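J.: sequence? don't have it. structure:
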C-alpha cells in the first residue's frame with residue numbers, strides 16, 4: 001500500500017488523539033495540580049518542513065524525553081529523538097540540515113516522523129478510520145482485504161503520509177493499532193520536473 005513512502009524505522013505516525021483520547025490543554029493529577037496533556041493531532045499539524053531547530057524545541061511538550069542530539073556524518077544532518085509519554089508513548093524523530101555551515105549545527109527541519117502503538121478492546125478499524133478522517137480528510141486508500149490485518153492511508157499537506165495499521169490475533173480480545181506519520185523535504189527540485197510535481 002503506502003509502504004514505499006514510509007521511513008524504515010517505524011516512527012510517526014499517528015492516529016493520534018483519535019485512538020488515544022488526549023487533548024491539548026490541562027487535566028489534573030491526583031494532587032490537584034494542573035498537568036499538560038498531549039494532543040498528537042495538534043502536534044503533528046504544527047510541524048512544518050523548514051522550521052528552525054529552536055522552533056521545533058519550542059513545540060516539544062515539557063513531558064517529552066529528548067535523546068542527545070546526534071550528528072549523522074554520512075547525511076551531514078542532525079537527528080533528534082523524543083519520546084512523549086501519555087496513555088500511549090509517542091515517538092518523534094526530527095532531522096535537521098546543517099545548511100553547509102562551517103560550524104556544524106542543526107539549522108532547518110528536513111524530515112519529521114512520529115509514531116505510536118496502542119492496544120484497544122473496543123474500537124473497531126472503521127471507527128478509528130472515521131476519527132482520523134474527521135481530522136485529516138478522506139483516506140487515499142483503505143484495505144480491508146485481510147481478516148486479521150487492515151490498513152488505511154492519508155496523504156496530508158506537503159506530501160506527508162499518515163498510515164494506520166490495525167491487526168487482530170486469533171484468540172486475543174484486544175486489537176493492536178499502530179500509527180505512523182512522515183513528512184520529508186523533497187530533495188529533487190530540478191527545473192525540468194517542476195511542472196510534473198505540480
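T.: All right, it came through fine. Every value quoted in this text rests on a predicted model; they were computed, and no experiment measured them.
J.: average pLDDT across stretch 108-116?
T.: The average pLDDT within stretch 108-116 is 91.
J.: I figured residue 129 hits residue 154, correct?
T.: No. Counting by C-beta atoms under 8 Å, residue 129 does not reach residue 154; the two are 9.5 Å apart. Bear in mind the C-beta positions are built from the backbone N, C-alpha and C, glycine included.
J.: give me the common contacts of those two.
T.: residue 139 (C-beta atoms under 8 Å, 6 or more residues apart in numbering).
J.: A helix includes residue 163, no?
T.: No. Counting by DSSP: H, G, I helix; E, B strand; the rest coil, residue 163 is not part of a helix but strand.
J.: can you list contacts of the strand or helix carrying residue 54?
T.: Element membership for residue 54, per DSSP states H and E: helix 53-59. For helix 53-59, the external contacting residues (C-beta under 8 Å, 6+ apart) are 43, 46-47, 78, 80, 94, 96, 105-109.
J.: distance from the chain centre to whatever helix or strand comes next after it, please.
T.: Sequence order places strand 65-66 as the next helix or strand after helix 53-59, per DSSP H and E. With C-alpha atoms, centre = their mean, to the nearest Å as the basis, strand 65-66 stands 16 Å off its chain's centre.
J.: repeat that for stretch 148-155.
T.: With C-alpha atoms, centre = their mean, you get 15 Å for stretch 148-155.
J.: which parts of it are buried?
T.: By 16 or more other C-beta atoms under 10 Å, the buried positions in stretch 148-155 come out as 150-155.
J.: what does the average pLDDT come to for it?
T.: 88.
J.: what lies in contact with that stretch?
T.: 1-2, 125, 129, 132-133, 136-144, 161-170.
J.: looking at those residues, which are in strands?
T.: 141-143, 161-168 (DSSP state E).
J.: and those as JSON lines, adding pLDDT, neighbour count and distance to residue 62?
T.: Below are these laid out as JSON lines (pLDDT from 0 to 100; neighbours: other C-beta atoms under 10 Å; distance: C-beta to C-beta, whole Å):
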{"residue": "141", "pLDDT": "91", "neighbour count": "12", "distance to residue 62": "37"}
{"residue": "142", "pLDDT": "93", "neighbour count": "18", "distance to residue 62": "36"}
{"residue": "143", "pLDDT": "93", "neighbour count": "14", "distance to residue 62": "38"}
{"residue": "161", "pLDDT": "80", "neighbour count": "22", "distance to residue 62": "29"}
{"residue": "162", "pLDDT": "84", "neighbour count": "27", "distance to residue 62": "25"}
{"residue": "163", "pLDDT": "87", "neighbour count": "26", "distance to residue 62": "28"}
{"residue": "164", "pLDDT": "88", "neighbour count": "26", "distance to residue 62": "28"}
{"residue": "165", "pLDDT": "88", "neighbour count": "21", "distance to residue 62": "30"}
{"residue": "166", "pLDDT": "88", "neighbour count": "24", "distance to residue 62": "31"}
{"residue": "167", "pLDDT": "87", "neighbour count": "15", "distance to residue 62": "33"}
{"residue": "168", "pLDDT": "79", "neighbour count": "17", "distance to residue 62": "36"}
